[in-house]
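Visitor: Predicted structure and sequence below. I'll ask about it afterward.
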Amino acid sequence: MSRHDPEKLYPGFPGSEPNQHLRTIPACAALGMWQRATIGEPVSTSLDAALPATCDAEGRVSRGAALVLADQATAGGVFTTLSRPTPMMTLDLRVDWFGPLPAAPISCIIDEVTREGDLALSRGRLVAEGQPVGAAVARYLIGSMPGGVPGRMDERHDVLPPSPAASFADYLAAEATPEGLVMQPRVEHVGAPLPAYHGGVIAGLLEHAGVSSIDAAFRPLDIEIRFLAPALATLPLVARVVPRRIGRRAVTLDLEAHQGDPNRPVAIARMLAITDPAGDPVRHDLPRG
């Protein structure tokens, strides 16, 4: 499909077809993402659940991989509001989980984008096999991208391969140290052309650090990440966990990522995990005025 076909792309999407841009972003290509962005139809971004790099040790889609998906998908929602491709930077991202993720393809479908000048708030839902598995909301600053030129998209054209990693944890390749969970830079972690780490990869590392620090009886309920500064993908990224409350049924963790100076974090986050068993999520569509 191209911009000249009867079913045209939203004009704000980079590339001549929806997957062209994704395949040139190392982190997106590594996780086998693809996208639909036809005018008049829902905008959705999906993960290749058959790719080991997107999965956890049990073969389910990893929450970390789903965070990379949510970050990229909500940005895709903002592209629908633009008259031409324009760079943007993630300011914050929140994802709420509805139980464990399945061993099945997962998509993030964008429901709403609200613009306030160069600020945009994008809301989407994570869906697998027709069932809701999570909800995402993210805020973006349009016209700004780490290492990018304001008002222009980068001109990467190389189509990149998927990651050969055996799991999402292997894709991160983070190691526990006394300073925290340390991820060494890899080309497939890159998002912006600075090069900078993809915001979703930073979120995935923080989520991995948080889950690794708590008892397996707890299941993550939500995570909210605020991105404070570009994280250079030429330097290691260190994720630290600060427990705020450890209870019988609920745990609240503060998380932060830095690149050598703990007093200058590049991202901070908060995670809530509970021991209550997962139920069956039901979506209720309410009237809109």
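Guide: Structure received.

Visitor: Ends of stretch 207-221, what's the gap?
Guide: Counting by CA to CA, to the nearest Å, you get 11 Å between the two ends of stretch 207-221.

Visitor: Going by contacts, tell me the helices and strands next to the lengthiest helix in the chain.
Guide: Ranked by residue count, the top helix of the chain under DSSP state H comes out as helix 63-79. If you count contacts as 3 or more CB pairs under 8 Å, 6 or more residues apart in numbering; DSSP states H and E, helix 63-79 packs onto helix 26-30, strand 44-47, strand 88-97, strand 106-116, strand 119-128, strand 131-142, helix 168-172, helix 199-212. Any C-beta I mention is one placed from the backbone N, CA and C, and that applies to glycine too.

Visitor: Need the residues that contact the shortest one.
Guide: Under the contact criterion CB atoms under 8 Å, 6 or more residues apart in numbering, strand 44-47 has outside partners 22, 31-36, 54, 61, 65-66, 69, 72-73, 76, 105-110.

Visitor: Note down every partner strand of the helix or strand harbouring V242 and its orientation.
Guide: Per DSSP states H and E, V242 falls inside strand 237-246. Using DSSP bridges, strand 237-246 pairs in its sheet with strand 180-183 (antiparallel), strand 250-258 (antiparallel).

Visitor: and after the last one, which helix or strand comes next?
Guide: In other words, strand 250-258. strand 267-274.

Visitor: and the angle from the strand holding V242 to strand 267-274?
Guide: On the basis of axes from the mean of the first three to the mean of the last three CA atoms, to 10 degrees, strand 237-246 is oriented at 40 degrees to strand 267-274.

Visitor: can you pull the contacts of the residue lying closest to H208 once chain neighbours are set aside?
Guide: In this structure, H208 finds its nearest non-sequential neighbour in G64, 5.5 Å apart by CB to CB, 6 or more residues apart in numbering. Neighbour list for G64: 168-169, 172, 203-205, 207-208 [criterion: CB under 8 Å, 6+ apart].

Visitor: I appreciate the help and will end here.
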